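Student: based on what follows, work out the 3D shape:
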Amino acid sequence: MPVINRIAGYEEEMTGWRRHLHQHPELGFDCVKTAGFVVDKLREFGIEEIHEGIAQTGVVAIIEGRGEGPVIGLRADMDALPMDETSGVDWASTVPGKMHACGHDGHTTMLLGAAKYLAETRNFAGRVALIFQPAEEGEGGGRVMVEEGIMDRFGIREVYGIHNMPGIAEGEFALTPGPLLASVDTFYVDIQGVGGHGAMPAQTKDPIMAAVTMVQALQTIVSRNVEALERVVLSVTQIHSGSADNVIPDTAQIVGTVRAFNPAMRDLVERRMQAIVEAQAAAFEMSATLTYDRGYPPTVNHADQAGFAAKVARDVVGEARVDAEARPIMAAEDFAYMLEARPGAYLFLGQGETAGVHHPAYDFNDRIAPVGASFFARLVETAQPAGT
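Tutor: Next comes the predicted model:
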């Protein structure tokens, strides 16, 4: 069964919603206007049970089906990124330093489209919990919503989400059972040396030299301590030190990220980093402190729910347009916390050959919004058919 005709008829309206959201991006938990827009639309659709202020600006709305049944959760993220837009589209961000560079405006629109259809038809049993989440981009709004008890409070049995994906053909779905996205940890190494004149290095303890050797040594963790069949990435992304060409500074800082699918690998990397930082600092007669911040866990699809989601996706776009054994990627996603709390699945929806997510020229492809909305709607109707 293709895209639902009724939802296809919403395309122009959905495009308007999405472009409005794109012009008015908000960051982190501060999604006040975005949440207000969502609530206004939900009320227009005739949805009466709307819960606001979850994780500060998150929204959970409940649609009642026909008769008794379970509760299925559908999630969309709402926040933008702190960057300037260069897309040049007429609906570009009107807020300097903020833009929807990851398509959360599109995700919100897809869930709103599904909400409108489900509220009109109610051709399902039980209830649907529509989860509009703030603060996916690094602040863990999904974790906060789970900690604030949305799964138990609303009786959610299973939960599903979608992320657009540039580089996958427009309108195609990709997912896999098991790990789909990696965990993300951030590390900071603060080195304390002794500064002095750049012409007299023997009178100093140069933290830049220590930082350089540490960076090289840290790269051996993946190549020499991690089993070859494990998937781990350790990237140093920042080095900060110094202020003048003729001054050896007192301090240096190294910052980076670690990605993995296996929790045991996170433990191994942290342990080896600690040993390397301590030993390298000692070799240069300095002190150094490692701060290792655990971020989002891996996003792990439950096998049964991933199989079911793939079946529904095939019903919407056809057998040939669903990759149910997609390669995992090393990016991270706080939907992971919802999948730790309840069975469910996360899918990629192809955006086509566009600028990548987190790129200043990115813009969500409005043509895929009815596809995502149809998937959400068909998922509910298939999982919880009316009259059973």
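
Student: list the helices and strands whichever strand or helix holds residue 264 packs on?
Tutor: Assigned by DSSP states H and E, residue 264 belongs to helix 263-283. Where contact means 3 or more CB pairs under 8 Å, 6 or more residues apart in numbering; DSSP states H and E, helix 263-283 is packed against strand 183-192, helix 207-218, helix 220-224, strand 232-241, strand 251-260, strand 287-294. Backbone N, C-alpha and C define where each C-beta goes, glycine included.

Student: average pLDDT for it?
Tutor: Across helix 263-283, pLDDT averages out at 97.

Student: now that helix: buried residues?
Tutor: Residues 265-266, 268-270, 272-273, 276-277, 280-281 are the ones in helix 263-283 that count as buried (16 or more other CB atoms under 10 Å).

Student: still on that earlier bit, closest to residue 339 out of the helices and strands packed on helix 263-283?
Tutor: strand 183-192 (12.5 Å; CB to CB).

Student: what mean pLDDT would you report for the helix or strand that that closest one is followed by?
Tutor: Using DSSP H and E, the helix or strand that follows strand 183-192 towards the C-terminus is strand 196-197. Strand 196-197 shows a mean pLDDT of 97.

Student: mind listing residues that contact strand 196-197?
Tutor: Strand 196-197 has contacts (CB atoms under 8 Å, 6 or more residues apart in numbering) with 203-204, 246-248.

Student: could you rerun that using 10 Å?
Tutor: 202-206, 246-250 (CB atoms under 10 Å, 6 or more residues apart in numbering).

Student: cool, stretch 240-250 as well?
Tutor: 190-201, 203-211, 251-255.

Student: now do the buried residues in it.
Tutor: Quick answer for stretch 240-250 (16+ other CB under 10 Å): 241-242, 248-250.

Student: one more: stretch 350-360?
Tutor: 350-352, 354, 357, 359.

Student: mind checking the end-to-end distance for it?
Tutor: One end of stretch 350-360 sits 19 Å from the other (CA to CA, to the nearest Å).

Student: swap in stretch 197-204?
Tutor: Span of stretch 197-204 from end to end, CA to CA: 8 Å.

Student: in that stretch, which residues are buried?
Tutor: residue 204.

Student: now it, how far from the centre of its chain.
Tutor: Counting by CA atoms, centre = their mean, to the nearest Å, stretch 197-204 is centred 46 Å from the centre of its parent chain.

Student: picking that back up, include distance to residue 179 when you put the buried residues of stretch 350-360 into CSV, please.
Tutor: What follows is the buried residues of stretch 350-360, written out as CSV (distance: CB to CB, whole Å):
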residue, distance to residue 179
350, 20
351, 22
352, 25
354, 26
357, 19
359, 25
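
Student: let's see which of those residues end up in strands.
Tutor: 350-352 (DSSP state E).

Student: which one of those residues is nearest residue 52?
Tutor: residue 351 (30.0 Å).

Student: just the helices in this protein please.
Tutor: Applying DSSP state H to the chain gives helices spanning 5-8, 11-23, 32-44, 104-121, 141-147, 150-153, 207-218, 220-224, 263-283, 303-317, 335-341, 369-383.

Student: kindly reformat the ones you listed as TSV containing distance to residue 131.
Tutor: Shown next, in TSV, are the helices of the chain (distance: least, CB to CB, whole Å):
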stretch	distance to residue 131
helix 5-8	19
helix 11-23	17
helix 32-44	11
helix 104-121	8
helix 141-147	7
helix 150-153	7
helix 207-218	38
helix 220-224	35
helix 263-283	25
helix 303-317	16
helix 335-341	8
helix 369-383	11
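
Student: out of those helices, which is closest to residue 56?
Tutor: Proximity to residue 56 (CB to CB) singles out helix 141-147 among those, at 7.8 Å.
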